[in-house]
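# here are the coordinates; sequence isn't available:
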Ligand code: COA
């Protein structure tokens, strides 16, 4: 039996930092409201001219370095993004070109904030079936480009960034199981209407925040149950929760469900807000690099996003 396992991780946040105080000057909000209702203190924004593929490239190179692998050794690239540079080629192909990799399959996965969980799930299937053995999996976003900076309901929540992992084939797990779901019936609660039909003027995010919040808490609770049941495990078998970083209150609700103390939950939302598909690999990379998550420990990643989409990955690091 072949498994995929994590060979290296990387992350990148653009240099420009926007504090809550700066947002007070843009919309009717306060630093206190943002911190109390979301846990966010600041977010990072791309510079004019800086692209999503630029962010993805830095995160990918860091993950490759950590995996002690050369770009040319990669045999599959899967990129999760909601904010690609162009309609096509895919962000994965642009990244492939920037990394000077040639010939291997490269494609994007679009599942908004669950994107990285989807991408890892897809990559894992390729490795398990023997169709790939060294996979670059990236979540990269420039959310600032689909934010209406006049809308206080959304502009305080999001930021830009990229995270990556390199997966390699292994005789030992690695990824224990992945679980992905979607229900398009909820499409109106969180969306960007803009596109080829509506045009790209005012292609901004719209969100019914309170309804999204409630669905996220319920759904993330049920995905935890599903994941543990599929592996014959209970809460005490999980060493680390690496959740999608959208809102500290959603994260705490999932931790309560798992009966995990907050010091076993990787929380980075204060530092970069919701970076959509980049948030889980950014948080994972931080906890691997600072030595919190150690080899052999069991990690549960879970995410929820527009669509709605939701999912989880259980892995042994
Ligand atoms: N500053 C100050 N007040 C704000 C505000 C802001 N940035 N944004 C909204 N408000 C106001 C609302 O207008 C509302 O005012 P009203 O009572 O006069 O109508 C009030 O705050 C409460 O709004 P509500 O939506 O009930 O607050 P909430 O407790 O649900 O918190 C969110 C709002 C957006 C933080 C919360 O709903 C949330 O996090 N939702 C999920 C968002 C998310 O994670 N989306 C991505 C999923 S991947």
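Now that the structure is in, tell me what you want to look at. Every value quoted in this text rests on a predicted model; they were computed, and no experiment measured them.
# was I right to think residue 187 contacts residue 212?
No: the criterion here is CB atoms under 8 Å, and residue 187 misses it with residue 212 at 12.0 Å. C-beta coordinates here come from the backbone N, C-alpha and C atoms, glycine included.
# which one's more surrounded, the two?
Higher neighbour count among residue 187 and residue 212: residue 212, with 20 against 11, using other CB atoms under 10 Å.
# what separation do you get for that one and residue 61?
For residue 212, the distance to residue 61 equals 34 Å [CB to CB, to the nearest Å].
# my guess is residue 98 contacts residue 53, does it?
Yes: Residue 98 lies in contact with residue 53 (CB under 8 Å); the separation is 6.0 Å.
# which one's more surrounded, those two?
residue 53 (28 against 17).
# can you tell me how far the more buried one sits from residue 194?
Where residue 194 is concerned, residue 53 sits at a distance of 21 Å (CB to CB).
# over to residue 75?
35 Å.
# kindly report the same for residue 171.
Following CB to CB, the distance that separates residue 171 from residue 194 is 47 Å.
# looking at these two now, which is surrounded by more residues?
Comparing residue 171 with residue 194 by other CB under 10 Å, the one with more neighbours is residue 194, at 15 against 9.
# gap between the more buried one and the ligand?
From residue 194 across to the ligand, the span is 18 Å (CB to the nearest ligand atom, to the nearest Å).
# cool, residue 115 as well?
Residue 115 sits 10 Å away from the ligand, going by CB to the nearest ligand atom.
# for that residue, which residues are in contact?
80-82, 109, 139, 276-277, 303, 305, 309 (CB atoms under 8 Å, 6 or more residues apart in numbering).
# 7 Å instead, please
Residue 115 makes contact with 80-82, 109, 139, 276-277 under the criterion CB atoms under 7 Å, 6 or more residues apart in numbering.
# what of residue 239?
264, 297-299.
# swap in residue 105?
Contacts of residue 105 (CB under 7 Å, 6+ apart): residue 76.
# according to the record, where do the domains of the protein fall?
3-170, 175-316 (automatic domain parsing).
# any chance of these in JSON lines, plus mean pLDDT?
Below are those laid out as JSON lines (pLDDT from 0 to 100):
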{"stretch": "domain 3-170", "mean pLDDT": "98"}
{"stretch": "domain 175-316", "mean pLDDT": "97"}
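# just name the most buried of those domains.
domain 3-170 (a mean of 21; mean count of other CB atoms under 10 Å).
# pull up the distance across that domain, start to finish.
Domain 3-170 stretches 5 Å from its first residue to its last (CA to CA, to the nearest Å).
# good, we can wrap up now.
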